[in-house]
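[1] here are the coordinates; sequence isn't available:
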């Protein structure tokens with residue numbers, strides 16, 4: 001097993017750790033999320049840089065990504081930070097596109113990552129990071145609310161997080177539709 005594949009594997013463990021410690025240790029959960037997000041960048045970079053791309057990595061890397069993103073959004077839906085419909089929109093897109101990619105691979109086609117998909121991932125990670133930042137701030141302030149004179153910063157931060165979540169949802173839908181639209185020749189050929 002090469003280093004990129006070890007990093008991919010570690011993302012599963014970090015995500016499981018994030019899910020396990022979230023309720024009692026939100027800071028630890030956030031640190032695990034950031035570390036897992038970094039491995040997402042590193043494994044792909046190292047695999048391309050050192051020509052270490054493997055069939056295992058092609059299959060497991062996107063699964064590890066979905067596990068991380070859906071795990072975090074699932075936690076936030078469970079505590080009421082986001083609505084469950086947001087989680088389900090993201091889940092349907094992520095699982096649907098992943099299965100479509102595997103189906104295409106079974107037909108000898110590798111679907112390249114699209115710009116919309118990359119923007120979607122960055123926005124999802126930013127939204128999750130923003131929610132973690134809000135949770136940590138609240139935990140450190142013990143629910144006291146913003147300090148005198150800083151209410152505007154609290155409001156601005158909350159507004160930014162809402163905008164990031166909405167951007168993540170919109171880009172998730174657009175990028176999912178884009179994958180199916182740009183590869184319609186595959187599923188049209190399968191119907192013939």
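    Cool, the structure landed. No experiment lies behind these values; they were computed from the predicted model shown.

[2] show me what contacts the residue nearest the centre of the chain?
    By C-alpha atoms, centre = their mean, the chain has its centre lying nearest to residue 69, at 3.1 Å. The neighbours of residue 69, taking C-beta atoms under 8 Å, 6 or more residues apart in numbering as the test, are 90, 94, 121, 124-125, 128. Glycine gets a C-beta too; all of them are placed from N, C-alpha and C.

[3] And the worst-scoring helix or strand of the chain on mean pLDDT, how far out from the chain middle?
    The weakest-scoring helix or strand in the chain, judged by mean pLDDT, DSSP states H and E, is helix 184-191 (a mean of 73). Offset of helix 184-191 from its chain centre (C-alpha atoms, centre = their mean, to the nearest Å): 28 Å.

[4] helices or strands next to the strand or helix carrying residue 89 in the packing?
    Per DSSP states H and E, residue 89 falls inside helix 84-106. For helix 84-106, the elements it packs on are helix 55-78, helix 151-182, judged by 3 or more C-beta pairs under 8 Å, 6 or more residues apart in numbering; DSSP states H and E.

[5] Pull out the buried positions in the first one.
    Residues of helix 55-78 classed as buried under the neighbour-count rule (16 or more other C-beta atoms under 10 Å) are 57, 60-62, 64-73, 75-77.

[6] The helix holding residue 89 relative to helix 184-191, how many degrees between them?
    If you take axes from the mean of the first three to the mean of the last three C-alpha atoms, to 10 degrees, helix 84-106 sits at 70 degrees to helix 184-191.

[7] okay, the angle between helix 84-106 and helix 55-78?
    Helix 84-106 and helix 55-78 are oriented at 170 degrees to each other (the same axes, to 10 degrees).

[8] after helix 84-106, next one along is what?
    helix 115-141.

[9] how close does the closest residue to residue 70 other than its chain neighbours get to residue 102?
    Spatial nearest neighbour of residue 70, chain neighbours left out: residue 91 (5.5 Å); criterion: C-beta to C-beta, 6 or more residues apart in numbering. Between residue 91 and residue 102 the distance, using C-beta to C-beta, to the nearest Å, works out to 17 Å.

[10] So these two - more neighbours on which side?
    A side-by-side neighbour count of residue 91 and residue 102, using other C-beta atoms under 10 Å, places residue 91 first with 18 against 14.
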